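Colleague: what follows is a predicted structure for the sequence shown.
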Amino acid sequence: MTDANEARNRLLNGWQLSKMYTFEVAARHESFALAAEELSLSPSAVSHRINLLEEELGIQLFVRSHRKVELTKEGKRVYWTLKSSLDTLNQEILDIKNQALSGTLTVYSRPSIAQCWLVPMLGDFTRRYPSISLTILTGNDYVNMQRTGVDLALYFDDTPPNHLSHHFLMDEEILPVCSPQYAREHELLKNPDNLSHCTLLHDRQAWSNDSGTDEWLSWAQHFAVNMPPSSGIGFDRSDLAIIAAINHVGVAMGRKRLVQKRLERGELIAPFGEKTLKCHQHYYISTLSGRQWPKIDAFIGWLRELAG
């Protein structure tokens, strides 16, 4: 039992790194013979190294058959992680050699922030840093940055994950917004009591997987406004609630940073004037601890410049 536990808890050490390179080549080809050709070894030597590695790690990496070898499910996980680590290392070496802001940068963002604030500004970043190739990913969940290759993430919340480094970006305020037409039809100007006859539009994932009508409830409680009996229409993105408001569906709880330009263009109005509520949540940037790459620092600095 003790030997089994030791095998299960055994971790990779420096002595096994050369065998890991043999594993990477064999996994890439899914062939010990082709790996042997690339490594200038005999197929039996490759097989011996893989056997030793499996024994030392306590994990079966390959399924052997008469004519071929295939990665096990565990072997595929190890190979993907190893390949991702090698790609990261190679990119870092290139960046060091070039001493320039270049290479790929993968950014993850909550969809509404990307749609309404980040993406419209990206032209400025690419003009400043033409050698950095950006990839923008979106989602409402916290992303596993190590596993997905994300370099930095842009969130709106009040409880950042503990295992990451965090950089404050900007505060936020919320206020009700609607189309001028909807405000006229429901006599909303300076008259928040008429909200009780309106359809409320809200982001159900404003700062968690199910924040529900929390944005509306916190605003209504602060300004002592009665809410309508119906919960209205919920969306999983704030920008969808805003699009619905522009099209006269109802009154959306807008985040000021994300609706400011639409207010300036007259697509939306704030029918109750400056009845804005500062959020407990804020926008922040998350990065892997210890990852201080010049291109990441450049993007964070650029974001902070935009935020003012």
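Modeller: Everything's here; your move. Bear in mind the structure is a predicted one, so any value in this text is a computation, not a measurement.
Colleague: can you list the buried residues in the longest strand along the chain?
Modeller: When the chain is parsed with DSSP state E, its longest strand is strand 164-177. The neighbour-count check on strand 164-177 (16 or more other CB atoms under 10 Å) flags Leu164, His167, Leu169, Glu172, Ile174, Leu175, Pro176, Val177 as buried. Just so you know, the C-beta spots here come from the backbone N, C-alpha and C atoms, and that holds for glycine as well.
Colleague: list the residues that contact the last one.
Modeller: Taking CB atoms under 8 Å, 6 or more residues apart in numbering, we find Val177 in contact with 242, 245, 251-254, 259, 262-263, 268-271.
Colleague: at 6 Å what do you get?
Modeller: Going by CB atoms under 6 Å, 6 or more residues apart in numbering, Val177 touches Ala245, Ala252, Gly254, Val259, Leu268, Ala270.
Colleague: which element is the first one on?
Modeller: So that's Ala245. If you go by DSSP states H and E, Ala245 is part of helix 238-246.
Colleague: need the CA coordinates for that helix. PDB is fine.
Modeller: These are the backbone C-alpha positions of helix 238-246, laid out as PDB (Å, rounded to 0.1, in the frame of the first residue of the first chain):
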ATOM      1  CA  SER A 238     -25.300  43.500 -20.000                       C
ATOM      2  CA  ASP A 239     -24.900  44.700 -23.600                       C
ATOM      3  CA  LEU A 240     -27.900  42.600 -24.700                       C
ATOM      4  CA  ALA A 241     -30.100  44.400 -22.100                       C
ATOM      5  CA  ILE A 242     -28.800  47.600 -23.600                       C
ATOM      6  CA  ILE A 243     -29.700  46.600 -27.100                       C
ATOM      7  CA  ALA A 244     -33.200  45.700 -25.900                       C
ATOM      8  CA  ALA A 245     -33.500  49.100 -24.300                       C
ATOM      9  CA  ILE A 246     -32.400  50.900 -27.500                       C
END
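Colleague: tell me what that helix is packed against?
Modeller: Helix 238-246 sits against strand 200-203, strand 251-255, with contacts defined as 3 or more CB pairs under 6 Å, 6 or more residues apart in numbering; DSSP states H and E.
Colleague: what packs against the first one?
Modeller: Going back to what we said before, that points to strand 200-203. Using 3+ CB pairs under 6 Å, 6+ apart as the test, strand 200-203 ends up in contact with helix 214-223, strand 233-235, helix 238-246, strand 251-255.
Colleague: need the ones you listed in a markdown table (columns: mean pLDDT and distance to Gln292).
Modeller: Putting the helices and strands packed on strand 200-203 into a markdown table (pLDDT from 0 to 100; distance: least, CB to CB, whole Å) gives the following:
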| stretch | mean pLDDT | distance to Gln292 |
| --- | --- | --- |
| helix 214-223 | 88 | 35 |
| strand 233-235 | 90 | 37 |
| helix 238-246 | 92 | 31 |
| strand 251-255 | 93 | 30 |
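Colleague: Leu137 is nearest to which of the ones you listed?
Modeller: Ranking the helices and strands packed on strand 200-203 by proximity to Leu137 (CB to CB) places helix 238-246 first, at 16.3 Å.
Colleague: and the closest one, how far out from the chain middle?
Modeller: What separates the centre of helix 238-246 from the centre of its chain is 22 Å, taken as CA atoms, centre = their mean, to the nearest Å.
Colleague: quick one: contacts of it?
Modeller: Residues external to helix 238-246 that are found in contact with it (CB under 6 Å, 6+ apart): Ser112, Gln115, Cys116, Val177, Cys178, Ser179, Leu201, Asp203, Phe235, Ala252, Val259, Glu267.
Colleague: just want the angle from it to helix 214-223.
Modeller: Orientation of helix 238-246 against helix 214-223 (axes from the mean of the first three to the mean of the last three CA atoms, to 10 degrees) gives an angle of 70 degrees.
Colleague: buried sites along helix 238-246?
Modeller: Ser238, Asp239, Leu240, Ala241, Ile242, Ile243, Ala244, Ala245, Ile246.
Colleague: repeat for stretch 299-308
Modeller: In terms of neighbour count (16+ other CB under 10 Å), stretch 299-308 has its buried residues at Phe299, Ile300, Trp302, Leu303.
Colleague: give me phi/psi at the third one?
Modeller: So that's Trp302. Dihedral pair for Trp302: phi -70, psi -40, per degrees, to the nearest 10.
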